[in-house]
Every structure is written in structure tokens, then in C-alpha cells.
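Chemist: Predicted model follows, preceded by the sequence.
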Amino acid sequence: MVLGDSGSDPKEGNDEHKVPNFESIKHFDVVDDFSIHHYNNMASPGEKESVKRIQEEWKILENGLPETIYVRVCEAKMGLLRAVIIGPAGTPYHDGLFVFDCFFPPKYPNVPPLVYYYSGGLRLNPNLYRCGRVCLSLLGTWHGKETELWVPGKSTMLQVLVSIQALILNAKPFFNEPGYDTSYVGDVGERRSRKYNEKVYTLSLKTMIYTLRRPPQHFKGFVASYFRCHAPDIIGACQAYKEGATVGTVVVKDGVPDPNIIEQGSSEEFKATMARMIDLLSTAFTENGSTECEQSVTSKNMLPL
């Protein structure tokens, strides 16, 4: 199943022209139903202990979510949760949106939650598979140290989401592959890591287009508003990469890269790819209602690199 295969949410579709202000969108919210969710057919927790714990989890999320993670939970089926994580700055995932469906199983919290990643058929991290599998010690889907495993009564869904953002969507995902940190050391490892980051960033841009055109249920307004707000900066970063900047070293504000942070070193192949992606992104962002895409790539807005 890929995101949106079952169609857009009818309720959201009626208000397609109404795009909320990005700053006004809640980080945590409760929705009536999740008709389009990877775990929709799973049996919801029924035991009193599990229901009480999930309610506690909701409170933890409502009060503790960082600014770059957004969550929707379902009142009718308490086992369902959807999260959208914004890619961290300084990584090849910066400014991207990554969608995860989560499920509190009947034996929760004695067992960890289930988590599914909407890949769109793209493999942009060793820990995120095309099939949606998320490899993380905390989830029990990957071996790890005892301190990294799920601890009933202590581990939380918030911890899971923050771990995905910090440990998986990191600055050097090449080294997430088991053994690569010892097999590829020094300059060899850094070169391979930079090359991998170029591939990952391209896939992240494709994921942006995919998510924009097939937004997840209950996040349609969020996705549209987010990309209207961030389109100039995303295009500005692509332009900087096209001119030779190294992936993850670009910080853009109002469409203009900060020259004090940029490092040079991208490959010629990557520069050519960025030129093509700028065209694709500009089209997608313009269709979404952005009016600053063309302006953000003109030479008058770009700083010499």
C-alpha cells in the first residue's frame, strides 16, 4: 500500500481551496476516524490498562512534541496514530516531510508500537525500506544495546518519533548501514558518505513532490501550507547545490543561502540532477499555489558560490 492509494479524505477534499496558515496548525490533534491508515484493520487495544496508557501517551505527545513533528490520533480507534516528521537541518533530509503510521497493539505497553513508513517506493535510508519497514532497536526491528531497547512502563511513542528523527534521519545515513562505520573509515568513508547524501537528497526531493500530490489523510492542509511556506527556501537550497554546495551545508532564509555556512564539493552529476529537480519542484510548488518559485531561482537572489 502506498500513501493515498485508497483516495483522498472526502472531508478534506471539500475544503481543498482552503489552505490554513502553516503557523496556526496544531502539532497534536485528535481526529474522528482514520479510514486511510496502514493499520486500520488491526484490532484496537481493548484492555483497560492499555487504553489508560494510550491516553497517557497522548498527553505526553501533546505536551512534549518538538516543533518539527506533527501527530494525529484517532478518537474512535485509539490504537491508530499518524506522524509527519520534518527532516532536520544539516542533513540530506532537510525541509522534507516523512510520513509514518503507528499502531498501539493490544499488549501495549508490554510490547513496542508498530511503525510503518510511507516510502512511495523510494529507499532513502538504510533503516527505511521500500516496503515500509522501519529498523530501530526501540521498536524491536533491529538488534541493539540493552539501553536502546523498548522498556515497558518507561519507553514512549514520543521517544520512538524523536529517535526516528535523530537516529535515522541523520547527517550521515550512509553509516546507518551495519558495519560501514568500521569498513569505510577516514577519507574513503567521507567520500562515500557525501556521494550517498547526494542520492538521498534527490530522493528526499522526489518524496516532497510525491507527498504534495498525494498528501496523507488529515494532513492535506498541513502539507499544502508547509510547502507554500517553504518552497522558496527549498528551491534556494537546490540552486546552491546546483552551484556546487555540499549536501547538508546549506541554510536558506527567504530563498537566499547563507554564504557563511556553505561548503563546496558536490559532484557534477549531482549538479545536473539539481537543475532537473528545480524544474520539477517549481512546477509542483506553483501548482500548489506558491508564487515565489521563479523569483527564488533568479540570479539576483543568489549569492556567488
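Modeler: Looks like it came in fine. Residues are numbered from 1 along each chain as shown.
Chemist: give me the low-pLDDT residue ranges for the protein?
Modeler: Scanning the chain with the threshold set as pLDDT under 70 gives 1-17, 46-47, 146, 253-262, 292-305.
Chemist: quick one, domains of it?
Modeler: 1-192+214-218, 229-305 (automatic domain parsing).
Chemist: List just the one of those that sits closest to Glu198.
Modeler: domain 229-305 (4.2 Å; CB to CB). To be clear about C-beta, it is placed using only N, CA and C from the backbone, and glycine gets the same treatment.
Chemist: circling back to that earlier point, can I get the domains of the chain in TSV with mean neighbour count and distance to Met208?
Modeler: Output for the domains of the chain, formatted as TSV (neighbours: other CB atoms under 10 Å; distance: least, CB to CB, whole Å):
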stretch	mean neighbour count	distance to Met208
domain 1-192+214-218	17	6
domain 229-305	18	7
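Chemist: could you dump those to CSV with distance to Glu198?
Modeler: Shown next, in CSV, are the domains of the chain (distance: least, CB to CB, whole Å):
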stretch, distance to Glu198
domain 1-192+214-218, 8
domain 229-305, 4
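Chemist: quick one: Arg191 from Leu149, how far?
Modeler: Distance from Arg191 to Leu149, counting by CB to CB, to the nearest Å: 34 Å.
Chemist: and if you look at Val111?
Modeler: Using CB to CB, Val111 is found at 11 Å from Leu149.
Chemist: next one: Leu167
Modeler: Distance from Leu167 to Leu149, by CB to CB: 14 Å.
Chemist: Please apply the same query to Ile164.
Modeler: For Ile164, the distance to Leu149 - CB to CB - is 16 Å.
Chemist: next one: Phe103
Modeler: The gap separating Phe103 from Leu149 is 19 Å, by CB to CB.
Chemist: Alright, calling it a day.
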